[in-house]
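>>> let's see this in three dimensions:
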Amino acid sequence: MAGPHTIDASVFLNAFNPAEAGHAESNRLLAELRTQAVPLIVPTLVLPEVAATISRVRGDAALAQAFADQLSRLPNVLLIALDPTLAQQAASMAAQYRLRGSDAVYAAVALRFGCVLVTLDREQHDRVARALTTYYPSDAHAAL
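Next up, the predicted model:
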């Protein structure tokens with residue numbers, strides 16, 4: 001079985017939207033991770049991120065909330081709260097790797113739990129590659 005993965009919100013959102021480039025790869029990866037029961041260790045931040053994006057893009061608050069609720073109940077998803085220790089680790093990663101705050105939170109979760117970080121964000125991917133194993137969805141799928 002593959003080790004745990006931290007999945008950035010960008011991948012969940014890409015899998016959700018069939019009109020986006022790369023949708024098939026993101027969707028295939030998430031399906032395979034679920035089939036293999038690979039633990040997905042993600043910050044609780046993923047829930048407001050996906051809900052906000054879906055609500056803004058689709059103009060549908062109910063759909064946005066339903067997606068976030070379903071994501072939180074996936075059997076292989078473990079949500080990690082941003083406690084003071086994790087916040088300090090994320091701040092350190094943000095400073096060291098010049099990351100946006102939310103990107104640093106995902107990186108800190110991946111680092112703390114020994115996860116592969118999967119993202120569609122090129123900046124996040126490239127900047128933390130010295131500290132973590134980072135993949136784009138198609139590469140993560142191939143590595144399984």
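>>> where in the protein is pLDDT low?
Counting by pLDDT under 70, the chain contains low-confidence ranges at 1.
>>> all helices of it, in order?
Here the chain has its helices, by DSSP state H, at 9-16, 23-35, 46-58, 61-72, 84-97, 101-113, 122-127, 137-143.
>>> make TSV from the ones you listed and add distance to G3 and mean neighbour count to it.
C-betas here are computed from N, CA, C, even on glycine. TSV is the format used below for the helices of the chain (distance: least, Cβ to Cβ, whole Å; neighbours: other Cβ atoms under 10 Å):
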stretch	distance to G3	mean neighbour count
helix 9-16	17	23
helix 23-35	11	18
helix 46-58	19	17
helix 61-72	21	15
helix 84-97	19	15
helix 101-113	9	23
helix 122-127	18	16
helix 137-143	10	17
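>>> next, format the ones you listed as TSV and append distance to A2.
Listed next are those as TSV, based on distance: least, Cβ to Cβ, whole Å:
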stretch	distance to A2
helix 9-16	15
helix 23-35	8
helix 46-58	20
helix 61-72	20
helix 84-97	23
helix 101-113	14
helix 122-127	18
helix 137-143	8
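>>> tell me which of those helices sits nearest to L78.
Among these, the nearest to L78 by Cβ to Cβ is helix 101-113 (8.4 Å).
>>> contacts only, for the nearest residue to S10 once chain neighbours are set aside.
What sits nearest to S10 in space, not counting adjacent residues and going by Cβ to Cβ, 6 or more residues apart in numbering, is L120, at 4.1 Å. For L120, the contact set (Cβ atoms under 8 Å, 6 or more residues apart in numbering) comprises 8, 10-11, 14, 22, 26, 136-137.
>>> show me which of the residues you listed is closest to Y106.
D8 (5.2 Å).
>>> next, the closest one: phi, psi?
When quoted as degrees, to the nearest 10, the phi and psi of D8 stand at phi -70, psi 150.
>>> residues touching it, list them.
Applying Cβ under 8 Å, 6+ apart, we find D8 in contact with 103, 106, 117-121, 124.
>>> how much space between the residue lying farthest from the centre of the chain and T53?
The outermost residue of the chain relative to its centre, with distances by Cα atoms, centre = their mean, is G59 at 22.6 Å. Look at G59 and T53: by Cβ to Cβ, to the nearest Å, they are 12 Å apart.
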